[in-house]
Structure formats: C-alpha cells, structure tokens
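> Need coordinates for the following:
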Amino acid sequence: MGREAVGERSSWQEGILRRQAARESAARTYARALPIVPVRARGMTIEGADGRRYLDCLSGAGTLALGHNHPVVLEAIHKVLDSGAPLHVLDLATPVKDAFTTELFRTLPPGLAEHARVQFCGPAGTDAVEAAFKLVRTATGRTGMLAFTGAYHGMTAGALEASGSALDVRVARLPYPQDYRCPFGVGGERGAELAARWTASVLDDPKSGVPHPAGMILEPVQGEGGVIPAPDAWLRRMRQLTTDRSIPLIVDEVQTGVGRTGAFWAVEHSGVTPDVMVLSKAIGGSLPLAVVVYHEDLDVWEPGSHVGTFRGNQLAMAAGTATLAHVRENGLSERAHHLGSRMLSELRRSAHEFGCVGDVRGRGLMIGVEVVDPTTDGPTEGPTPEQPLEPSQDPLRPDAARDPRPPAPELAAAVQRECLRRGLIVELGGRHNSVVRLLPPLTISDEQAAAVLDRLTDALHTVARDHARTRPLH
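Coordinates of the predicted model:
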C-alpha cells in the first residue's frame, strides 16, 4: 500500500474517532484506551480502518469464545437467515430455541442439568443477574443478598449493588480470598479458611446485622476484580455453608463459562453444583443472549413474573448452539487448560525480572498480570517462576500477602498503550485498574500465544525501563 493510501486510511480512522468523541456519551470506556476503528476481523486478528492489524486479547470482554467470525458461527447465522424463520418471537417455542436449550443442558454440571429450568432474560449478563436475584427472593420470601469484595455482576441497579464498586449498599459484603492482597494478610489456604470462617460467623451470629439472606452470589474467578480464582476448597465450603442454611447459591459464569477457565463451567473445577447459574457473553456465540439456569425447586414464578422483549433472539441462539457444540466437540476447554497453564508459566518466568510486576495469576485462558509500583517497600522480586498454577494448591505466601507493593494504575495503562503499539489489544481491570488482563479466544494457536507473550513482555520491558529513567533520585 502506497504512502498516500496509508495517509487516507489514517485520516478516515481519525475522522471516525473524532465524531465518536463528539457524539457519544462520556461513559464510553474501551474507546478511550483503544483508539482504533475495527473494520475487519477473523479469529484472533482485528484490522483497523488505518490498515494496522492487532491480536485481540480482549475478545469482547470474553464474549468471543471462538474469536471473530468463526465459520461455524457464520454458518449457523446464515442458516437461520436463509430459512425464512422469524427473528423475533418473544418466548415462543421454536426449533432454534429447542436446539439451543438441548445443547446447553448437555453441557451443564450433571447435578444441575437433571433438575434444571431455564429463563431467557434481556440480552445482557446484568439482566440475568437481576432475574436471578428476583428468582431467589420470590422462592425464599427473603430479600437480603450476600456478595463478595471485588465482585462485578453488572451495571443495572441490583447487579451494581452486589458489585465491588457499589455506592449505596443493600447487600452484605463478605471477604473473597486471594493470595497477593489477602484481606487477612496471610494468603494461601489459611487466608481462604479465615474468609470462610468470617462468612460462617456473619451467617450464624444473631448480632451480625445480616438477616437470613435470599441468596449468595459469587464468581468462581473474579474477572473485573483482577483475575482472582476462587480456591476450590473455599468454593466447596461456600456450597456447604449455603446448603446447611437453606440459602440458594448463585454462581455468575457470565465471563468464566464455555471453556474459558479450562473446564466448560468454572464451578466444575471444584465439583460444586450451584442452585442458580447466570450465563451470558459466550453462550450467544458473539451475539446478545443471557439466561438464568436454576434448580426446579426454585421455579415458583407465576406466568409473566419475569419477561423481556428481546429474550427470543433467534440469531444469538443459533450462534450460541454452534459455539457450545464446537467447544464441547473439539475439547477446547481442555485446550484452554493446557495452553493457559503454559502461558502462565512462561509469563511468570519472564515477569520474574520486573519489579513492576507484583503477581501473575489466572485459570485457563483468563490471565492477569498485576502491575505495582517498584519504587516502594515490599517484596524485592516479582512472582516466582515455580509458583503453582492451580489456585486450590497454592501454598502460603506470607511475605507477599503481608506486604505487597502498591498498585500502579498509571504503569498498567502504559503497558496497555505499549501493547497496542505492538499490535496487541489487552484489557485492564482489578481494584485500582492495575491488572493487565488476557482473554484470548479459545481458538488461539500456539504461534499466536507465543506472539502475545512476546509483545506483552516487550511492553513490560519498555515501561520498566522508561519508569527507571524517570524516577527521581534520592
């Protein structure tokens, strides 16, 4: 492409970005950190309006399990369009919906699938969370909810109240276990045990100020909270605590589902069967779809108790059926487990040399790199290369848990910018937006995984070097 053509394409992109800034809400997020205009995409690759290509480790915030425009998804969509089938049917039964529910039930944890009901909600995960809250409140006759620090369940009123950034709280908040920034300063199995004891105490103490709740909601891996996997033993404790006290357990699998963590559903790592599962993102095969799957004993709703105009999205159901089947039939969950473990190991080996990397963690192809301030007191080295991969097997890490370095959101943003310069799209998350997150499609190749790690490591090198050069001398 000639220099003149490149200039024209760059001007075209800049014009679109200017008009977006002038017309769209100040609430826009990704567009600020990622000033690109995608015009074509296939698999893991996005091409911008300026002709540049990027490896996409955002994947629609985890929506694109098979990447962009996967052939099986496109074929499913075209089949519905070419058939003349209705695209909007409210909650009427259709062959497309029947195929989707059949495939969905085939993948569910056996203990739930055998007794499950499904409610189609509005098109977003937050709609499904609201429906789940409404469901358990109706079934139990109680109103209070239990949620965890660092949680993210959506942006509508009820879902936001259960999320970590809530301002007006009507939900009791419990400690979510983690190693690097353990709320009890110990981390590991001991930290998880203390978190479980705290929960039991809140539930059993008549003076805790927390009435018997309608339900508990949790994420098996906190995504927006900073890619923090729940220890398997702790998750089993939460299941036992809620069962013993007749509290429905709601598991939010909006981002962790459909193979993302190395199992088809993240709860399968611990063997837990929840009462309610909240599902969205990948189940629609890149199109808007959200459902609540729950035990039949909770199915006490009257007709019309929960409705939604766009709950019958036929194209999303067809794309979702194709995605669920492709992940299941091709062992992509297992692929995510093995490749994700390898990527974590390699990242830990390379990140060990950076003082600005405090922790590398994740499960499957849900990976986080926590960026910290290297100039303050704390552990003198980053994560050790031999650090175990399975959260349920993590040993005590007392030094890091007691005295982690402060988060460095400015450095994390610099890493994101340097990644974009190298053709790599990554997301930021965590408590202080200081965790660089990788959410590649499950179809990522070994070569693409190597390229992702090379570009991310190179970006970390650049940011660490530039930060060292600009540090004030004492």
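> alpha carbons only for contacts and neighbour counts from here, please
OK.
> what's around residue 365, how many residues?
Summarising burial for residue 365: neighbours were counted as other Cα atoms under 10 Å, giving 29.
> If I look at it, what pLDDT would I see?
Per-residue confidence at residue 365 stands at 98 (pLDDT).
> Need the per-residue pLDDT for the closest residue to it other than its chain neighbours.
Sequence neighbours aside, residue 340 is the residue nearest to residue 365 in space, at 4.8 Å (criterion: Cα to Cα, 6 or more residues apart in numbering). In this prediction, residue 340 carries a pLDDT score of 98.
> residues contacting residue 340?
Applying Cα atoms under 8 Å, 6 or more residues apart in numbering to residue 340 gives the contacts 262, 363-367.
> if you set the cut-off to 10 Å instead, what comes out?
Neighbour list for residue 340: 260-262, 334, 346, 362-367, 389, 440, 442, 449 [criterion: Cα atoms under 10 Å, 6 or more residues apart in numbering].
> how close does it get to residue 458?
Residue 340 sits 20 Å away from residue 458 when distances are taken as Cα to Cα, to the nearest Å.
> same question, residue 280
34 Å.
> Rounded mean pLDDT for stretch 450-463, please.
97.
> tell me which residues in that stretch are buried?
By 16 or more other Cα atoms under 10 Å, the buried positions in stretch 450-463 come out as 452-453, 455-461, 463.
> How about stretch 136-156?
Buried residues in stretch 136-156, defined by neighbour count with 16+ other Cα under 10 Å: 136-140, 143-155.
> for the record, mean pLDDT for that stretch?
For stretch 136-156, the mean pLDDT works out to 88.
> 38 is where my numbering starts, stick with that
In the new count, where the first residue is 38, that last one comes out as stretch 173-193.
> how far out from the middle of the chain is that stretch?
Stretch 173-193 has its C-alpha centroid displaced from the chain centroid by 18 Å (Cα atoms, centre = their mean, to the nearest Å).
> Quick one: end-to-end length of that stretch, please.
Stretch 173-193 has an end-to-end distance of 18 Å (Cα to Cα).
> And the nearest residue to residue 257 once chain neighbours are set aside, how far from residue 496?
With sequence-adjacent residues excluded and distances taken as Cα to Cα, 6+ apart, residue 257 is closest to residue 267, at 5.4 Å. Applying Cα to Cα, one obtains 29 Å for the distance of residue 267 from residue 496.
> Check residue 379 too.
Residue 379 is 20 Å from residue 496, by Cα to Cα.
> can you list the weak-confidence ranges in the stretch 288-437 of the chain?
Applying pLDDT under 70 to the predicted model, the residue ranges of the stretch 288-437 of the chain that meet it are 414-437.
> Do a quick rundown of the helices in it.
351-366, 369-388, 435-439 (DSSP state H, counting those that start in this stretch).
> Using PDB, write out every CA atom in the helix or strand following the shortest one.
Going down the chain from helix 435-439, the next helix or strand is helix 446-458, by DSSP states H and E. C-alpha atoms of helix 446-458 as PDB (Å, rounded to 0.1, in the frame of the first residue of the first chain):
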ATOM      1  CA  PRO A 446      -2.600   2.000  37.500                       C
ATOM      2  CA  GLU A 447      -0.500   4.600  35.600                       C
ATOM      3  CA  LEU A 448       2.100   2.000  34.800                       C
ATOM      4  CA  ALA A 449      -0.600  -0.600  33.900                       C
ATOM      5  CA  ALA A 450      -2.100   2.000  31.400                       C
ATOM      6  CA  ALA A 451       1.400   2.500  30.000                       C
ATOM      7  CA  VAL A 452       1.700  -1.300  29.500                       C
ATOM      8  CA  GLN A 453      -1.600  -1.300  27.700                       C
ATOM      9  CA  ARG A 454      -0.500   1.500  25.400                       C
ATOM     10  CA  GLU A 455       2.800  -0.200  24.600                       C
ATOM     11  CA  CYS A 456       0.900  -3.400  23.800                       C
ATOM     12  CA  LEU A 457      -1.300  -1.500  21.400                       C
ATOM     13  CA  ARG A 458       1.700   0.000  19.700                       C
END
